[in-house]
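In: This is a predicted model, with the sequence first.
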Amino acid sequence: LSLILMVVIRYISVLLVWILTAVVVVGSIGGTGILWWLYVDQSKSVNATLPAVELEVAKDNQKALLIYAIAATVFTVILLLLMFFMRKRVALTIALFHVAGKVFTYLPLLALQPFWTFLTLMLFWVYWITVLLFLGTA
């Protein structure tokens with residue numbers, strides 16, 4: 001995956017930045033919409049005929065969903081305002097990705113870094129699983 005990402009950064013960095021920006025915006029708006037939908041759905045399902053304990057839990061859930069929906073709305077508005085006012089910096093980000101892609105031309109052994117990291121992590125996990133097995137069978 002790291003090698004694929006290096007190729008993507010090298011050749012289609014413009015598209016990558018705009019796709020990531022669109023995914024963040026759509027995800028934020030979608031998450032906010034889902035939270036508001038859940039709040040409205042919860043509000044409609046709460047009725048006074050529920051037993052007292054269940055009614056109290058349902059009202060607490062409704063209040064929590066309202067707080068989450070408001071927080072998500074504030075976050076989304078701030079994010080959209082930042083995206084709007086910082087859109088000129090996107091060109092700088094694209095240029096940085098393009099330069100980062102060129103680094104692999106001059107330092108080809110840098111492509112081996114993900115493999116070394118993976119190997120180190122696997123050795124780490126094998127060691128601790130072995131220790132866990134020894135402790136479990138002691």
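Out: Okay, I see it.
In: So which residue is smack in the middle of this protein?
Out: Against the mean C-alpha coordinate of the chain, by Cα atoms, centre = their mean, the closest residue is Val24 at 8.4 Å.
In: Look at that residue and report its pLDDT.
Out: pLDDT recorded at Val24 is 93.
In: Now do the phi/psi pair for the nearest residue to it once chain neighbours are set aside.
Out: Closest residue to Val24 apart from its sequence neighbours, by Cβ to Cβ, 6 or more residues apart in numbering: Leu79 at 7.3 Å. Using the backbone N, CA and C atoms, a C-beta is placed for each residue, glycine as well. In terms of degrees, to the nearest 10, the main-chain angles of Leu79 are phi -60, psi -50.
In: Kindly report the same for Val25.
Out: phi -70, psi -50.
In: Now do the same contact list for it.
Out: Leu79, Leu80, Met83 (Cβ atoms under 8 Å, 6 or more residues apart in numbering).
In: Check the spacing between Phe134 and Lys102 real quick.
Out: Here Phe134 is placed at a distance of 48 Å from Lys102 (Cβ to Cβ, to the nearest Å).
In: can you check Leu121 too?
Out: Counting by Cβ to Cβ, the gap from Leu121 to Lys102 is 28 Å.
In: Secondary structure element for Trp36, which one?
Out: Assigned by DSSP states H and E, Trp36 falls within helix 13-45.
In: Check the offset of that helix from the chain's centre.
Out: Its chain's C-alpha centre and that of helix 13-45 lie 12 Å apart, by Cα atoms, centre = their mean, to the nearest Å.
In: buried set for it?
Out: Of all the residues in helix 13-45, those buried under the rule 16 or more other Cβ atoms under 10 Å are Ser13, Leu16, Val17, Ser28, Thr32, Leu35, Trp36, Leu38, Tyr39, Gln42.
In: Turn these into a markdown table, columns for distance to Leu107.
Out: Listed next are the buried residues of helix 13-45 as a markdown table, based on distance: Cβ to Cβ, whole Å:
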| residue | distance to Leu107 |
| --- | --- |
| Ser13 | 18 |
| Leu16 | 21 |
| Val17 | 23 |
| Ser28 | 36 |
| Thr32 | 42 |
| Leu35 | 45 |
| Trp36 | 48 |
| Leu38 | 49 |
| Tyr39 | 51 |
| Gln42 | 54 |
